[in-house]
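In: can you look at this prediction? I've put the sequence above it.
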2 protein chains.
Amino acid sequence: MSPKALIPRLSRRKMLAVLAALPLVSGCLLRPDAASAQAAISANPLPSWNDGATKQAILDFVAAVTREGSPDFVPLAERIATFDNDGTLWVEHPMYTQLVFVLDRVKALATQHPEWKDIQPFKAALEGDMKTLAASGEQGLLALILATHTGMTVNEFQTIVLDWIATARDPRFKRPYTELAYLPMIELLGFLRANGFKTFIVSGGGIEFMRPWTERVYGVPPEQVVGSSIKTKFQMRDGRPELFRLAELNFIDDNVGKPVGINEYIGRRPIAAFGNSDGDLEMLQWTTMAGGRRFGLIVHHTDAEREYAYDRDTSFGRLDKALDAAALNKWTVVDMKNDWKRIFAFQ
Amino acid sequence: MSPKALIPRLSRRKMLAVLAALPLVSGCLLRPDAASAQAAISANPLPSWNDGATKQAILDFVAAVTREGSPDFVPLAERIATFDNDGTLWVEHPMYTQLVFVLDRVKALATQHPEWKDIQPFKAALEGDMKTLAASGEQGLLALILATHTGMTVNEFQTIVLDWIATARDPRFKRPYTELAYLPMIELLGFLRANGFKTFIVSGGGIEFMRPWTERVYGVPPEQVVGSSIKTKFQMRDGRPELFRLAELNFIDDNVGKPVGINEYIGRRPIAAFGNSDGDLEMLQWTTMAGGRRFGLIVHHTDAEREYAYDRDTSFGRLDKALDAAALNKWTVVDMKNDWKRIFAFQ
């Protein structure tokens, strides 16, 4: 039976109800908290973007791949868009939010670990000595992550993340970190979904640090979040099945890891990718250098007043090689200061 | 703006077009080849299932979790259902289809590897000596898989799989293996999707062996397939980004690996799980032993005439511990011979 054949069975009232429950021409169900989907269908789908070449490049791409009969038309199922998180969807300065979480967890767990005040990098973390912490490098950071992110069940960790994200505040903006999501990017996510795209997050951040809140904040459900992870182990405990988080790295979803993660978790090559740093270079290459109409976008942080200004010379979110590659590959570069009318919903 | 506010802008004709393009009350877009979704909305949503306790258990569960106001109601976003593949969605006898593929690949590559005719387990594979092959155990099988499934790009491997799946024939049924998918299970997948479920495959089989054809056969898109995998590596080759398949295991999605894979790839706990063997035991435990209304189902192969009959004593798809656990946990057990009116679409 064709879907059309079903229509006569439905009353107009029922049709309206169904329509109200579904985003138009969209790949997936409307998430109640993702108000962006509706905005996307309005006459001005990207109200927080200033008119100009950047916004026009987005509109042109979406029109080209969604218009039936267009030489660049892409079938619904293949409209995959991947977004970096830190610095692309929310603020990553003065340090990655997950690092703030790590430091808070070290402090919270310190009473159970009196030895930490004498050993590095824990001592530096407890004292807020960022210089020593930075000097401990990736190994130091990994030690902190494994000490604070493992040893509990996945359910317990989810609760820890949700409690923290509800209470922690960014020191400059005095807001929950989830309010430091970029409004123009939330609109863009909704606009793409309203045009049949399936939107994924592909982040170097921890997959289980993001999943508990991405649906509420970005309209991206947990099953569409790809990130770095530690290993887990299934075991029965007191007759109940549990997944325990082990102190062992599983996957690093950054740089060359991003195309690997996209292939492993999504299994399709995106047609559009959005990043802001050298960690996104390979994802943008993998997405755009594939023949056919593709879209690559880099958020360039140029607004020290409303957010931050940084690129080639920073510890968090360095944009150097990827900025050169953007010129070479004709990726769209967002000039945050001039392209974004509003940055945060609260402003 | 609320979605309802958009409705007056749409003509009735447009609404019909939109409706025709969307599955009713379904989580995701209608896949053109997944004709099951439509069948599910008809008066008899599971036409290939005989009436009886098994079919009724499915209908009762779906009614309970989808009826607004029901004490067992589950919101749309949480309606996750996971399906094993071999023996649950398609035939796994006399051996796993992927093993047939492996043996065919060994034969196809043998001219490039003259040494194979003298070393095990390749010699056994080339001679069809299944006894020696079985004696080589998991290590032997892994050697064959690594020798035949790696050393190419992911795109190249996809082409190899698609070519094989289009031409290989099951010796008993003289049909392409994809026609050995169980019609009642295809209907069940569609019925669940029509009720807002997101359906996933969670299989011990290779993730990249399944993804090229699951959408066409089951209506399950690549991004909703979880399986075993080898590692891949991103590299630029001749100025183009490529993902190369490495001769290194990444993840085994079987037994205790299934809950791990579900958590890692999906990030939500399913509310319904479908399997047929001891390899699915932990997935069924993880799904059903979680409080709230949950559904576990095991396909019991009891029909030697139309398909196969096996359970506790077989090399492929042994059903032993999981059959005992089914009784204990009140999982629904499909008696293939009596519960399924039709097994294959071609019958």
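Out: Received, thanks.
In: wait, what's in contact with the most centrally placed residue in chain A?
Out: Nearest to the mean C-alpha position of chain A, by C-alpha atoms, centre = their mean, lies A:Asn85 at 3.0 Å. Counting by C-beta atoms under 8 Å, 6 or more residues apart in numbering or on different chains, A:Asn85 touches A:Ile201, A:Ser203, A:Gly205, A:Met210, A:Gly227. For every residue, glycine as well, the C-beta is placed using N, CA and C.
In: ok, A:Trp213 next?
Out: So A:Trp213 contacts A:Val161, A:Leu162, A:Ile165, A:Thr178 (C-beta under 8 Å, 6+ apart).
In: looking at A:Pro32 now. What's its pLDDT?
Out: Confidence per residue is given as pLDDT, and for A:Pro32 that number is 37.
In: oops, could you answer that again for A:Pro94 instead?
Out: Per-residue confidence at A:Pro94 stands at 94 (pLDDT).
In: nearest residue to it other than its sequence neighbours?
Out: Taking C-beta to C-beta, 6 or more residues apart in numbering or on different chains, and ignoring the residues beside it in sequence, A:Pro94 has A:Phe316 as its nearest neighbour in space, at 7.5 Å.
In: on that earlier part again, which SS state does the residue lying closest to the residue nearest to the centre of chain A once chain neighbours are set aside fall under?
Out: Leaving out its chain neighbours, the residue that sits closest to A:Asn85 by C-beta to C-beta, 6+ apart is A:Ser203, at 3.8 Å. With DSSP: H, G, I helix; E, B strand; the rest coil as the basis, the three-state label of A:Ser203 is strand.
In: got it, and A:Pro45?
Out: Recorded secondary structure, A:Pro45: coil (three-state DSSP).
In: surely it touches A:Phe191?
Out: Yes. At 4.6 Å, A:Pro45 and A:Phe191 qualify as touching, with contact defined as C-beta atoms under 8 Å.
In: what does the stretch 151-300 of chain A put close to chain B?
Out: In this structure, the stretch 151-300 of chain A approaches chain B at residues A:154, A:196, A:198, A:207-208, A:211, A:215, A:221-225, A:229, A:231-236, A:240-241, A:243, A:250, A:256-257, A:259-260, A:263-268, A:282, A:285-286, A:289-290, judged by C-beta under 8 Å from any C-beta of the partner chain.
In: alpha carbons of the helix or strand where A:Glu156 lies, as PDB, please.
Out: Taking DSSP states H and E as the criterion, A:Glu156 maps to helix A:154-167. The C-alpha atoms that make up helix A:154-167 are tabulated as PDB, following Å, rounded to 0.1, in the frame of the first residue of the first chain:
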ATOM      1  CA  VAL A 154      27.100   4.800  33.300                       C
ATOM      2  CA  ASN A 155      23.800   5.700  35.000                       C
ATOM      3  CA  GLU A 156      25.700   7.100  38.000                       C
ATOM      4  CA  PHE A 157      28.000   9.100  35.700                       C
ATOM      5  CA  GLN A 158      25.000  10.500  33.900                       C
ATOM      6  CA  THR A 159      23.500  11.800  37.200                       C
ATOM      7  CA  ILE A 160      26.800  13.400  38.100                       C
ATOM      8  CA  VAL A 161      26.900  15.200  34.700                       C
ATOM      9  CA  LEU A 162      23.300  16.400  35.000                       C
ATOM     10  CA  ASP A 163      23.800  17.700  38.500                       C
ATOM     11  CA  TRP A 164      26.900  19.600  37.500                       C
ATOM     12  CA  ILE A 165      25.500  21.100  34.300                       C
ATOM     13  CA  ALA A 166      22.500  22.300  36.300                       C
ATOM     14  CA  THR A 167      24.500  24.100  38.900                       C
END
